[in-house]
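A.B. asks: Sequence and computational prediction follow.
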Amino acid sequence: MNKNTICLWYNGDAEEAARFYAETFPDSAVTAIRHAPGDYPDGKKGDVLVVEFTVCGIPCMGLNGGPLFPQSEAFSFQIATEDQEETDRYWNAIVGNGGAESACGWCKDKWGVNWQITPRTLTEALAAGGEEAKRAFEVMMTMGKIDVAAIDAARRG
């Protein structure tokens, strides 16, 4: 058992979400499904209670806790991408599967979990600081999905 595991709260659909993540991201898998040993406020004995899974190697647990605590932007997965093709693939998978676009490389999956699909060129530009970071940041602020070519152009000035 991992010493630290991310626990995400779902409203009965943790298994569906975990299977989607496992199909979408590398180094991801559903590793265990645990059924409720008895009735609980939002489920019955035998229902899927906990799903253990990994997302890009990060251990996670999906808890089918009911509607009380919805996801929010206070938590997100940040997925580093190498190029526009990879950025498009993840963005389109999330948004195209009932999710929603947001700003600055953020999107939300159909279960309400937030994702930052972040090309490495953007992270590198921000780390460089100074005018390069300022230019990349300004152009990023106008985007939904990140446009790698536009970030690279901004980096060059």
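C.D. replies: That came through fine.
A.B. asks: Which residue lies nearest the spatial centre of this structure?
C.D. replies: Compute the mean C-alpha point of the chain, and by Cα atoms, centre = their mean the closest residue is residue 115, 3.3 Å away.
A.B. asks: Now that one: which helix or strand?
C.D. replies: Under DSSP states H and E, the secondary-structure element containing residue 115 is strand 114-119.
A.B. asks: Report all helices and strands that that strand contacts.
C.D. replies: Applying 3 or more Cβ pairs under 8 Å, 6 or more residues apart in numbering; DSSP states H and E, one finds that strand 114-119 contacts strand 76-81, helix 84-96, strand 106-108. Just so you know, the C-beta spots here come from the backbone N, C-alpha and C atoms, and that holds for glycine as well.
A.B. asks: Which residues does it contact?
C.D. replies: 71-73, 75-84, 87, 90-91, 94, 102, 105-109, 145-146, 148, 151 (Cβ atoms under 8 Å, 6 or more residues apart in numbering).
A.B. asks: List only buried entries from these.
C.D. replies: 71, 76-77, 79, 81, 84, 87, 90-91, 94, 102, 105-109, 145-146, 148, 151 (16 or more other Cβ atoms under 10 Å).
A.B. asks: Can you show me the helices along the protein?
C.D. replies: For the chain, the helices defined by DSSP state H occupy 14-24, 84-96, 120-128, 130-140, 148-156.
A.B. asks: Just name the most buried of the ones you listed.
C.D. replies: helix 14-24 (a mean of 19; mean count of other Cβ atoms under 10 Å).
A.B. asks: Against which helices or strands is it packed?
C.D. replies: Other helices and strands packing on helix 14-24, by 3+ Cβ pairs under 8 Å, 6+ apart, are strand 6-10, strand 29-35, strand 48-55, strand 58-64, helix 84-96.
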